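**Q** Fold the following, please.
(2 chains)
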There are 2 protein chains.
Amino acid sequence: MYILIKDISDHVDKEVTIKGWLYNKRSSGKIGFLELRDGTGFVQGVVVKNAVEEHIWEHVEKVTQESSVIVTGDVSKHPKQEGVFELQIKSLEIVQLAEEYPITKKEHGPDFLLDNRHLWLRSKKQWAIQRVRDEVIQAIYDFYHNNGFVKIDTPIMTPNACEGSTTLFGIEYFDEGEVFLSQSGQLYLEAAIMSVGRGFDFGPTFRAEKSKTKRHLTEFWMMDAEAAYVEHEESMEIQENMIVFIVERILEKCQSELTILERDLEPLRKIKAPFTRLTYTEAIEKLNSLGSDIKFGEDLGNDDEGMLTEDSDVPVFIHKWPREIKPFYMKVDPENPDIVLNNDLIGVEGAGELIGGSQREDDHEILKSAIKKEGLEGPEYQWYLDLRKYGSVPHSGFGLGLERTVGWICGVKHIRETIPFPRMINRVRP
Amino acid sequence: MYILIKDISDHVDKEVTIKGWLYNKRSSGKIGFLELRDGTGFVQGVVVKNAVEEHIWEHVEKVTQESSVIVTGDVSKHPKQEGVFELQIKSLEIVQLAEEYPITKKEHGPDFLLDNRHLWLRSKKQWAIQRVRDEVIQAIYDFYHNNGFVKIDTPIMTPNACEGSTTLFGIEYFDEGEVFLSQSGQLYLEAAIMSVGRGFDFGPTFRAEKSKTKRHLTEFWMMDAEAAYVEHEESMEIQENMIVFIVERILEKCQSELTILERDLEPLRKIKAPFTRLTYTEAIEKLNSLGSDIKFGEDLGNDDEGMLTEDSDVPVFIHKWPREIKPFYMKVDPENPDIVLNNDLIGVEGAGELIGGSQREDDHEILKSAIKKEGLEGPEYQWYLDLRKYGSVPHSGFGLGLERTVGWICGVKHIRETIPFPRMINRVRP
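**A** Here you go, the predicted model:
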């Protein structure tokens, strides 16, 4: 009976067939231990020379790492480890004998591994990361659909620059001139929620980042959410509920992947609402009291984020920032014209900024002058201004970076491992 | 109590508050009928001049189409229509009074509507289409996760051309030279399933199509699925199961949207597995018998697709096409070297090609010479060839066009209405 490795515990003492690949092999000359994988999991197969036909043992001796194999045997409980199962192999068919596989047990440098990303994805840790990523994605869909948000696919090719003009990838678009790859779907999502009330997008976004850091990709996946009649405080509640929902889902569904990743689960189990809330002003005061010489009006760096979260079990909101250093679309605080109603959400364990969000400026005249001040006035933003002429409503939204979230949950330090095929300043292959 | 219109039936005879927009207004001078929308649905509000305070009636007279409003009133059953509810309005607050709204009841041309896409999305029909689209998307995620597929986000910026080099959008990528926007994630997905067994991607794809037809966009969303150890016949079964699953989900969840779209449900109710299967050879014979002069080796046009499906209640697979007119990656039929193990799936009701798929060539030498024949040899395809050196397995996959699927299910003739912000040869705004 053909089964998947994930279901093997249902088949103890039965004969099953597994279609997969050889992950690893040890052999004493009389007994072989074949670690098999099929995409759903890993299992150890045991084959005893004297117990199988001669040609089967020849296959065992011949089969190489990453060869594709179809294996039949009896499922048994591991003699010592509870909850672990083995396959007592009776037959082994080699579908295709792999040539010498380039990724071995020895240490490989990151460039070598990235050059071989199409193969590196098969390594146990990389496999586990992609499965966690998949579950994070599904958790996000479930959270938004449970909460009445409609998926809106915002466009990738756009004539406007949502997040500044220094990190744009340009494209010649027929006779329409140069357009850019989207940095964020936010502006379009704001238009759509005036139809559907609450919306989210979830797709690739692009920043021509020249910085080579552990937290930057030129192509990464972002989830933007936006909701009509939702103001600053409620927006932060949605954000913390989402993070809690994702973490609970991963703890529930990805136990074996987190074990492979040697992830300490305690910090994840402590992620509960409410998260800490600090205004930007409070954050600066706290940093100063901790010895930093940061001044009001300056942006926070990685070190600052670290200092603000190191004594916290839960992510920390830094909200109500100086208007001067924030984008044009954020709503001015009615109580203080120098402040905007925005928030960053800083993750624990050095995860950095997971979310950026804000209430959006809904006053036509204030927004128009903010756009002008940014040097962005003109026809490309007219439609965005229209939203404040035809039934403007208070509304808020935020964006979650998928790779940073997956990196934090997996305990992976460089986000290049969290996306199947990373793109960075010097890397666009394979 | 603040409620969403979708939940109004739970609040009969109770006072509720709705936050939304005015969709339409009729007034006799003594009684006003306000059609309200909040993103989750539409409801008629009734306001009697003599029954409300004077300033409320002033608001009723003043409020314009698409003004944002907060309305409080009592929920009642419609006196004549079963399952329809009304709001007996007691108070009306205008959040923002809309200027003269450009989209009125009169007929507007498509260019005008597309120029105002950010507002057009609010029209009832466009709202319904986006909600169906959202449900189709969620159905696809559910289908694949139910069936053990892992979401793999394939890259958008790639140095290779999966579907030919005539429809590529180019980007200058730092010092790496020109790269292209992805036409399909298939090749990358093939690499990933050698890790996860079964995978799917679902993201934007790009074709610099110069054709202006009802079925072409330059940016559209595609779902690719790929599975190891799945061969041609089983792949077609997955495809038909997916289509049936999507249609059943929409019939279950989107009744009110399909009513707004005036969609005839009978054809959708007939979508059941198995679908009709015709080999390409049989299809040519059938077309010839119906009077067409199409010859073996020619591609099928829209008219041919129409003739092949017009007597069918279910979509029609056309499979096993001539190798000569198909891409390099399709597996050659072991029984006939001139044929490949591929299929198109042609929808009923003139929906056209919904899916294209194939078993993939898994033999290194055959694939290598096919790549060479296409003029694509060189380093960009080396990693793809690697997949046939290190544990090659029989595998199959296919791609579903989201917009064509949504267009068919909604009964919308031009796919520009199925995507929030369509991009076509002469249209990249707003």
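
**Q** of all of the stretch 1-150 of chain A, which residue lies closest to chain B?
**A** Chain B sits closest to residue A:39 of the stretch 1-150 of chain A, with a gap of 1.9 Å, by C-beta to the nearest C-beta. For every residue, glycine as well, the C-beta is placed using N, CA and C.

**Q** now swap in the stretch 201-350 of chain A and tell me
**A** Closest approach between the stretch 201-350 of chain A and chain B, counting by C-beta to the nearest C-beta: residue A:229, at 4.5 Å.

**Q** Could you pull up the residues touching that residue?
**A** Going by C-beta atoms under 8 Å, 6 or more residues apart in numbering or on different chains, residue A:229 touches A:197, A:393-395, B:19.

**Q** Among the residues you listed, which one is most surrounded by other residues?
**A** Most neighbours among the contacts of residue A:229, by other C-beta atoms under 10 Å in any protein chain shown: residue A:197, with 29 neighbours.

**Q** Excluding covalently adjacent residues, which one is nearest to that residue?
**A** Leaving aside its sequence neighbours, residue A:197 sits nearest to residue B:39 (C-beta to C-beta, 6 or more residues apart in numbering or on different chains; 1.9 Å).

**Q** I figured that neighbour hits residue A:192, correct?
**A** No: using C-beta atoms under 8 Å, residue B:39 makes no contact with residue A:192, being 9.6 Å away.

**Q** Touching both of these two, which residues are there?
**A** Here residue B:39 and residue A:192 have residue A:150 as joint contacts, going by C-beta under 8 Å, 6+ apart.

**Q** any residue of the one helix or strand residue A:396 maps to up close to chain B?
**A** Using DSSP states H and E, residue A:396 sits in strand A:395-401. No: Strand A:395-401 does not reach chain B (C-beta under 8 Å from any C-beta of the partner chain); its nearest approach is 10.0 Å.

**Q** what's the answer for stretch A:17-29, then?
**A** Yes: under the criterion of C-beta under 8 Å from any C-beta, chain B is reached by stretch A:17-29 at A:19-22.

**Q** check contacts around the residue in the stretch 51-200 of chain A positioned nearest to chain B.
**A** Nearest residue of the stretch 51-200 of chain A to chain B (C-beta to the nearest C-beta) works out as residue A:197 at 1.9 Å. Counting by C-beta under 8 Å, 6+ apart, residue A:197 touches A:148, A:150, A:227-229, B:4, B:20, B:38-40.

**Q** Now the closest residue to residue A:116 other than its chain neighbours: phi and psi?
**A** Closest residue in space to residue A:116, ignoring its immediate chain neighbours: residue A:102 at 5.8 Å, by C-beta to C-beta, 6+ apart. The phi/psi pair for residue A:102 (degrees, to the nearest 10) reads phi -70, psi -30.

**Q** pretty sure residue A:102 is touching residue A:117, no?
**A** No: here residue A:102 does not reach residue A:117: they are 11.8 Å apart, not a contact under C-beta under 8 Å.

**Q** quick one: which of the two has more around it?
**A** Higher neighbour count among residue A:102 and residue A:117: residue A:117, with 23 against 16, using other C-beta under 10 Å.

**Q** what ranges do the helices span in the stretch 101-250 of chain A?
**A** For the stretch 101-250 of chain A, the helices defined by DSSP state H, counting those that start in this stretch occupy A:110-115, A:117-120, A:124-146, A:186-196, A:232-253.
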